[in-house]
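K.L.:
Curious how this folds, go ahead:
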Amino acid sequence: MSEINPWAVETVVAPEVAQAPSRPVRAARAWKPGAQVSMVSGLPIVSSKGQDCPLWVVAAHGGAGATSWARLLGAGDAGVAWPATQGYTRAVVVARSSFTGLKAAQAAAIQWASGQVEGVELVGLILTADVPGKPVKSLVEFRKRIEGAFPRVWHVGFQPAWRASLAWDVPASRDVRKVLKELSLIGKES
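P.N.:
Predicted coordinates:
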């Protein structure tokens, strides 16, 4: 332990291991007419063999609420990863409205638009408020720019009941019911 701070643990440096140089994956696909998007890294892509879900919930970051939304929607929970299916599937990204959540949502959108996530149709973004009240003014413009990368965005206010109980154990608010209704209709359009 450190003598200056009793809670700090001394850093142990691992021996250097020789690794083969890795080449970043670079791909480009049109985002909007005239724009090209490229991505070097992003969320992992995890095999979902044996799980046939018409809709997956992808967390842009830890704590985004993917498990709660997946359970509420009756959808697959991809966690903080994209699903890799054998065919075609749909995914909705979830994030909190904090700066960190918005940056993570932006990175997920860029990764999808760059062509790294094959066989997945991006349905939209569920953006859940990270605190009660109005959004922070300094984040509003940033949030609007990020929303432009998604085909559809659902804003869900802060859910105080979710802090004390599991999301699926409490009655859904109007915001949550709207998301559930609209996402239940995806793929059923005539």
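K.L.:
Any buried residues in stretch 160-171, and which?
P.N.:
By neighbour count on 16 or more other CB atoms under 10 Å, the buried set for stretch 160-171 is W162, A167. The C-beta positions use only the backbone N, C-alpha and C, and glycine is treated the same way.
K.L.:
Mind checking the pLDDT average for that stretch?
P.N.:
With pLDDT averaged residue by residue, stretch 160-171 scores 79.
K.L.:
Mind listing residues that contact that stretch?
P.N.:
Here stretch 160-171 makes contact (CB atoms under 8 Å, 6 or more residues apart in numbering) with G65, S68, W69, R71, L72, P132, Q159.
K.L.:
that's a helix at the second one, yeah?
P.N.:
Yes: when the secondary structure is assigned by DSSP: H, G, I helix; E, B strand; the rest coil, S68 falls within a helix.
K.L.:
Now do the strands in the chain.
P.N.:
With strands called from DSSP state E, the chain shows them at 28-30, 36-38, 45-47, 55-59, 76-79, 82-84, 89-96, 120-128, 153-156.
K.L.:
Buried deepest among these, which one?
P.N.:
When neighbours are counted by mean count of other CB atoms under 10 Å, the highest per-stretch mean among the strands of the chain falls to strand 55-59, a mean of 26.
K.L.:
Pipe the contacts of stretch 160-171 into CSV and attach neighbour count and distance to S114 per row.
P.N.:
Written out in CSV, the entries for the contacts of stretch 160-171 read as follows (neighbours: other CB atoms under 10 Å; distance: CB to CB, whole Å):
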residue, neighbour count, distance to S114
G65, 19, 25
S68, 19, 28
W69, 25, 24
R71, 15, 30
L72, 18, 29
P132, 9, 35
Q159, 18, 32
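K.L.:
Right, I'll leave it there.
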